[in-house]
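**Q** just coords:
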């Protein structure tokens, strides 16, 4: 009877102004069966520090947050 915690990113979307939204799902697995699941939604604004975020989220941010996107977001704030 071994318990395992599995964390994954379920969905990543980008709004028209560059905000990246993602859902992180945490499963507790016992002997191959999910016995508990929680999810948490996150939002990241262009230029925000993303050092402690999942790798696939970092890749999306790096690809979509051009200097122009960050500048335009900061101008509207």
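**A** Okay, I see it. Keep in mind that what you see is a predicted model, and the values were worked out from it rather than measured. Numbering: from 1, shown residues only.

**Q** host element of the residue sitting nearest the centre point of the chain?
**A** In the chain, the residue lying closest to the centroid (CA atoms, centre = their mean) is residue 22, at 3.8 Å. Using DSSP states H and E, residue 22 falls within strand 20-30.

**Q** thinking again about what came up before, mind listing what the residue nearest to the centre of the chain touches?
**A** 9, 10, 11, 12, 13, 41, 42, 44, 54, 57 (CB atoms under 8 Å, 6 or more residues apart in numbering). Any C-beta I mention is one placed from the backbone N, CA and C, and that applies to glycine too.

**Q** list the contacts of residue 61.
**A** Counting by CB under 8 Å, 6+ apart, residue 61 touches 20, 44, 50, 53.

**Q** what's the spacing between it and residue 52?
**A** 12 Å (CB to CB, to the nearest Å).

**Q** start and end of stretch 10-22, how far apart?
**A** Terminal residues of stretch 10-22 lie 7 Å apart, using CA to CA, to the nearest Å.

**Q** just checking: what are the partner strands of the strand holding residue 22?
**A** Applying DSSP bridges, strand 20-30 is found paired with strand 3-14 (antiparallel), strand 33-44 (antiparallel).

**Q** surely residue 36 is in contact with residue 28?
**A** Yes. With contact defined as CB atoms under 8 Å, residue 36 reaches residue 28; the gap is 4.1 Å.

**Q** residues of stretch 14-32 that come out buried?
**A** Within stretch 14-32, the residues that count as buried by 16 or more other CB atoms under 10 Å are 14, 18, 20, 22, 24, 27.
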